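**Student:** I would like the atomic coordinates for the input below:
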Amino acid sequence: MYLAANLKFLRKKFGKTQDSLSTELNIGRTTIANYESGVSEPNVDTLLTFSNFFGISVDHLLSLNLEKELPHTKLIDISSLKNRDTNTGTPGPKDQMPRVITVDREGNDNIIYVPVKARAGYLSGYGDPEFIETLPTFRLPGLNNATFRMFEVDGPSMAPNVLNGDRIIGEWIDSLDKIRDNRVHVIVHKGGVAVKRIINRIKERGKLYLKSDTIAHRHEFPTIEIDPEDIKEIWYGRLKISSDFTEPAEVYHRLADLEVDVMDMKRMLKEKE
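**Tutor:** Coordinates of the predicted model:
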């Protein structure tokens, strides 16, 4: 059993001393020291407390050597966000914060890529290090000093601005106050993962509204009303990666042809006068 070593490893990963962890979890410092040294073991309730705080299942706390299994995974300490002064902003739901991010060997944050086929798993596994470790990761220059994640777009709801198969790189938003009205976001909520424009009406109506850009398929993608407590994560769209190379002059050519047709019609009308 790896519990003692795992508790010490996770505490240090979160940048906590035994004193600070004792204060946050309301567990005696000496008791924590005894757990880490293997002198004593926590009961079931205390195990669940550790599991919830670190975002690691009880089974993994007990049976996995986390220092070897997750050598390049950094766990976000969300306690400071959950407990911050609410006058500085409206925090989202407690599980809105990304519990897991990965880093390279130099300690730089990676961008985690969530393809369409992984969406269903992401909805339930966004806070599970074991699931996150299965997703591809990469880095891009210029995306620093924040946490980013890339999602593959599924469907025509945001066409023509964002097409099916495009990739959106989003910057993690830790507060609903930081939503940029009418801008593209990736919203992870209890109903799924959506790429939409957000209209923030929490102060007026206690709701967020997700709307699509499409005109051709408007009847298929009506505006969605959503409760803030149903949101798990929100990512602000910072970059779009697309493989679409539609000729930009196509619309121009159509207008030019139409203009010629109109001129011919005018000429024919004049000839008949």
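**Student:** I'd like to know how many residues surround the nearest residue to Leu140 once chain neighbours are set aside.
**Tutor:** Closest residue in space to Leu140, ignoring its immediate chain neighbours: Ile111 at 6.4 Å, by C-beta to C-beta, 6 or more residues apart in numbering. Backbone N, C-alpha and C define where each C-beta goes, glycine included. Residue crowding around Ile111 was assessed by other C-beta atoms under 10 Å; the count is 19.
**Student:** does Ile111 touch Met150 like I think?
**Tutor:** Yes - under the criterion of C-beta atoms under 8 Å, Ile111 makes contact with Met150 at 5.5 Å.
**Student:** which neighbours do the two have in common?
**Tutor:** The overlap between the contact sets of Ile111 and Met150 (C-beta atoms under 8 Å, 6 or more residues apart in numbering) consists of Ile169.
**Student:** the residue nearest to Leu61 when sequence neighbours are not counted and Asp227, how far apart?
**Tutor:** For Leu61, ignoring the flanking residues on the chain, the nearest one in space by C-beta to C-beta, 6+ apart is Asn6 at 5.4 Å. Computed with C-beta to C-beta, to the nearest Å, the distance linking Asn6 and Asp227 is 36 Å.
**Student:** ok, Pro141 next?
**Tutor:** Spatial separation of Pro141 from Asp227 under the definition C-beta to C-beta is 38 Å.
**Student:** same check on Pro115?
**Tutor:** Applying C-beta to C-beta, one obtains 28 Å for the distance of Pro115 from Asp227.
**Student:** please say which of Asn6 and Asp227 ends up with more neighbours.
**Tutor:** Neighbours around Asn6 and Asp227, counted as other C-beta under 10 Å, are more numerous at Asn6. The numbers are 24 against 13.
**Student:** contacting residues for the closest residue to Gly155 other than its chain neighbours?
**Tutor:** Ranked by C-beta to C-beta, 6+ apart and with sequence neighbours excluded, the top spatial neighbour of Gly155 is Asn164, at 5.7 Å. Under the criterion of C-beta under 8 Å, 6+ apart, the neighbours of Asn164 are Val153, Asp154, Gly155, Pro156.
**Student:** nearest to Ile169 among those residues?
**Tutor:** Distance to Ile169, by C-beta to C-beta, is smallest for Val153 among the contacts of Asn164, at 11.5 Å.
**Student:** was I right to think that closest one contacts Asp166?
**Tutor:** Yes - Val153 sits in contact with Asp166 when judged by C-beta under 8 Å, with a separation of 4.6 Å.
**Student:** just the helices in the stretch 151-273 of the chain please.
**Tutor:** Counting by DSSP state H, counting those that start in this stretch, residue ranges of the helices within the stretch 151-273 of the chain are 202-205, 250-272.
**Student:** redo the ones you listed as TSV? Include distance to Leu176 and mean pLDDT.
**Tutor:** Formatted as TSV, the entries for those read as follows, by distance: least, C-beta to C-beta, whole Å; pLDDT from 0 to 100:
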stretch	distance to Leu176	mean pLDDT
helix 202-205	6	92
helix 250-272	38	76
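**Student:** can the ones you listed go into JSON lines with extra columns for mean neighbour count?
**Tutor:** Formatted as JSON lines, those follow (neighbours: other C-beta atoms under 10 Å):
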{"stretch": "helix 202-205", "mean neighbour count": "10"}
{"stretch": "helix 250-272", "mean neighbour count": "9"}
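**Student:** quick one: closest of those helices to Leu10.
**Tutor:** helix 202-205 (34.0 Å).
**Student:** straight-line length of stretch 221-234, end to end?
**Tutor:** Terminal residues of stretch 221-234 lie 20 Å apart, using C-alpha to C-alpha, to the nearest Å.
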